[in-house]
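Enquirer: Sharing a model that was predicted from the sequence below.
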Amino acid sequence: MIPENRPPTHPGEMLLEEFLRPLGMTQAEAARRMEIPRQALVTDHAADARNTHRRL
């Protein structure tokens, strides 16, 4: 079910909170391991997601 009382969670925030932080991995390391450019990760907006979270 999609919540209607808040904006959808950004994919970058999900990747950051659910995988990168628990694994202690940086965006650069994740991209290197997946053999993709860092810019291809959806975490480019992770900083925006963190800033939004802090304002809540």
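Expert: Sure thing, it's come through.
Enquirer: Quick check: A40 vs M25, distance?
Expert: Distance, A40 to M25, using CB to CB, to the nearest Å: 16 Å. Where C-beta positions appear, they are placed from N, C-alpha and C, glycine not excepted.
Enquirer: more crowded one of these two?
Expert: Taking neighbours as other CB atoms under 10 Å, A40 and M25 compare with M25 leading, 15 against 10.
Enquirer: Excluding chain neighbours, what is closest to that one?
Expert: Closest residue to M25 apart from its sequence neighbours, by CB to CB, 6 or more residues apart in numbering: F19 at 7.4 Å.
Enquirer: quick one, phi psi at that neighbour?
Expert: phi -130, psi -60 (degrees, to the nearest 10).
Enquirer: Any idea how many residues pack against it?
Expert: 12.
Enquirer: what pLDDT does it get?
Expert: Per-residue pLDDT puts F19 at 92.
Enquirer: now it: how far from A31?
Expert: Distance, F19 to A31, by CB to CB: 13 Å.
Enquirer: Please apply the same query to T9.
Expert: Using CB to CB, T9 is found at 21 Å from A31.
Enquirer: Counting neighbours around each, name which of the two comes out higher.
Expert: The neighbour count for T9 versus A31, taken as other CB under 10 Å, is higher for A31 (17 against 12).
Enquirer: and that one, helix, strand or coil?
Expert: Three-state call for A31 (DSSP: H, G, I helix; E, B strand; the rest coil): helix.
Enquirer: So what's the residue count around the closest residue to it other than its chain neighbours?
Expert: The shortest distance from A31 to any non-neighbouring residue, by CB to CB, 6+ apart, is to R38 (4.1 Å). Here the number of neighbours of R38 (other CB under 10 Å) works out to 15.
Enquirer: Cheers, nothing more for now.
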